[in-house]
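Visitor: Generate coordinates for the sequence data below:
(one chain, ligands or ions: 1)
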Amino acid sequence: MESDLTFEPTNPMDDCCHTVDADALPCPKCEYTGPVVGVGPVRPHLLTAVEGDWQYCVDAECRVVYYLGPEVVDSASVITQVGLKATDKPTPVCFCFAHTRAELAEDLRAHGGVSEIKAEIKAVVADGNCACEHLNPSGKCCLVDVQRALKSFARPVG
Ligand SMILES: [Zn+2]
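Guide: So this is what the prediction gives:
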């Protein structure tokens, strides 16, 4: 099995993070039309989110984070920061799926140094179902940040 401590992503943006903005609709609150991100990034914040072309509202002033028609997930109900919104919430390492540093550390510990979260993210990325370029404030694929975080846990503390 590939070790999580030696894996170096080459250039993940070549293979992932391309979303299609077909049939994008305006945010019901600010009326700015945001990118379609799908249900994947919404589920961590709203387990009951229905399948559909969920969109992310990129207007930093708007409280709506995700919307699907009239249905919205606002900055008060998300569990982590998303993009530049809900900055009062924990900042995730993976903005698409709301994984925090603490979660990654626990995942690595629980699975003998192999991150199942990273494997999950890689699988979703391979299927083209992430939206890092919209949701990660860096505009880059979060796999690089996830890998960096995993590496940092391998260093002795002190
Ligand atoms: Zn909005």
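Visitor: can we go C-alpha only for contacts and neighbour counts from here?
Guide: OK.
Visitor: so residue 93 touches residue 99, yeah?
Guide: Yes: taking CA atoms under 8 Å as the definition, residue 93 is a contact partner of residue 99 at 5.9 Å.
Visitor: These two: which has the busier surroundings?
Guide: Neighbour comparison, residue 93 and residue 99: the larger count goes to residue 93, with 25 against 21 (by other CA atoms under 10 Å).
Visitor: Could you find the closest non-adjacent residue to that one?
Guide: residue 100 (5.2 Å; CA to CA, 6 or more residues apart in numbering).
Visitor: looking at it, that neighbour is touching residue 94, isn't it?
Guide: Yes: here residue 100 reaches residue 94: they are 6.9 Å apart, a contact under CA under 8 Å.
Visitor: who has more neighbours, the two?
Guide: residue 94 (25 against 18).
Visitor: Just list the residues touching that one, thanks.
Guide: Counting by CA atoms under 8 Å, 6 or more residues apart in numbering, residue 94 touches 100, 136, 142-143, 145-146.
Visitor: which of those residues tops the neighbour count?
Guide: Counting neighbours by other CA under 10 Å, residue 142 comes out on top of the contacts of residue 94 with 28 neighbours.
Visitor: Got phi/psi on the nearest residue to it once chain neighbours are set aside?
Guide: With sequence-adjacent residues excluded and distances taken as CA to CA, 6+ apart, residue 142 is closest to residue 94, at 5.2 Å. Backbone torsions of residue 94, given as degrees, to the nearest 10, read phi -100, psi 110.
Visitor: Show me which of the contacts of residue 94 is closest to the ion.
Guide: Among those, residue 136 lies closest to the ion (CA to the ion), at 17.3 Å.
Visitor: roughly how far apart are residue 112 and residue 105?
Guide: Separation of residue 112 from residue 105 (CA to CA, to the nearest Å): 11 Å.
Visitor: which of those two has more neighbours?
Guide: residue 105 (17 against 8).
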